[in-house]
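Asks: fold the following, please.
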Amino acid sequence: INALKLDPYQNFLESTGLKTYTSIPATVTTDLIALYAVFSIAYNFATQHKQQGFSAGILALMSFLLVTPKGLLDDGVTKAFGYSWLGAKGLFVAIILALLVGKIYTFVLEKKFYIKMPKGVPPTVEKSFAALTPGFIVAVLMLVLTAIFAATKYGNMHEFVCFGT
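Replies: Here you go, the predicted model:
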């Protein structure tokens, strides 16, 4: 709707103010593709290893957001994510992290390295607690990675993956 290359049509969109609204679908699809990919890849990785995919997907999304640079808004206090790394530019980092998190998540659960609940606890509660251990491991690992990349000339993982040679 927004990209149709007809000058009269584009002039109409701009003059009526509709251009702002017709650009929204691209923003929430291609401009956020890395967010969708990181969740989906980790989800499917865990599911193929017969583990709960939703927890793996959420951990991968958390990991991606932990390593993604944040900026300050005009007030100088509020942190925000720019769209620059959430779309296609962040896709390689999303794939790497989704596979890494999926592997850590499934490895920890397959080796039963998690908090075991007493008998009688419903399985859904036990599964929720089981995800805490890989979640803690992943969060610490992502914070360490963020600190390591911050100490390099690249400044963050995204810059290293996209432009590091």
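
Asks: got any ranges where this protein has weak pLDDT?
Replies: 164-165 (pLDDT under 70).

Asks: ok, which stretches of it are helices?
Replies: 7-16, 19-22, 24-28, 33-48, 53-67, 91-110, 123-130, 132-150, 157-163 (DSSP state H).

Asks: which residues touch the last one?
Replies: In this structure, residues lying in contact with helix 157-163 by Cβ atoms under 8 Å, 6 or more residues apart in numbering are 67-69, 85, 89-90, 92-93, 96, 145-146, 149, 152, 154. Glycine gets a C-beta too; all of them are placed from N, C-alpha and C.

Asks: list the buried residues for stretch 13-32?
Replies: Neighbour-count burial for stretch 13-32, counted by 16 or more other Cβ atoms under 10 Å, picks out 13, 31.

Asks: now swap in stretch 53-68 and tell me
Replies: So for stretch 53-68, counting by 16+ other Cβ under 10 Å, buried means 53, 55-64, 66-68.

Asks: quick check: ChimeraX command selecting the buried ones in the contacts of helix 157-163.
Replies: The ChimeraX command for the buried members of those (criterion: 16+ other Cβ under 10 Å) is given here:
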select :67,68,69,85,89,90,93,96,145,146,149
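
Asks: contacts only, for residue 49.
Replies: So residue 49 contacts 102, 106, 110 (Cβ under 8 Å, 6+ apart).

Asks: out of everything not next to it in sequence, what's closest to the first one?
Replies: Distance criterion Cβ to Cβ, 6 or more residues apart in numbering; nearest residue to residue 102, sequence neighbours excluded, is residue 45 at 3.1 Å.

Asks: before we move on, the earlier item: redo the buried residues of stretch 53-68 as TSV? Include distance to residue 38.
Replies: What follows is the buried residues of stretch 53-68, written out as TSV (distance: Cβ to Cβ, whole Å):
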residue	distance to residue 38
53	13
55	14
56	10
57	8
58	10
59	10
60	5
61	6
62	9
63	8
64	4
66	11
67	10
68	10
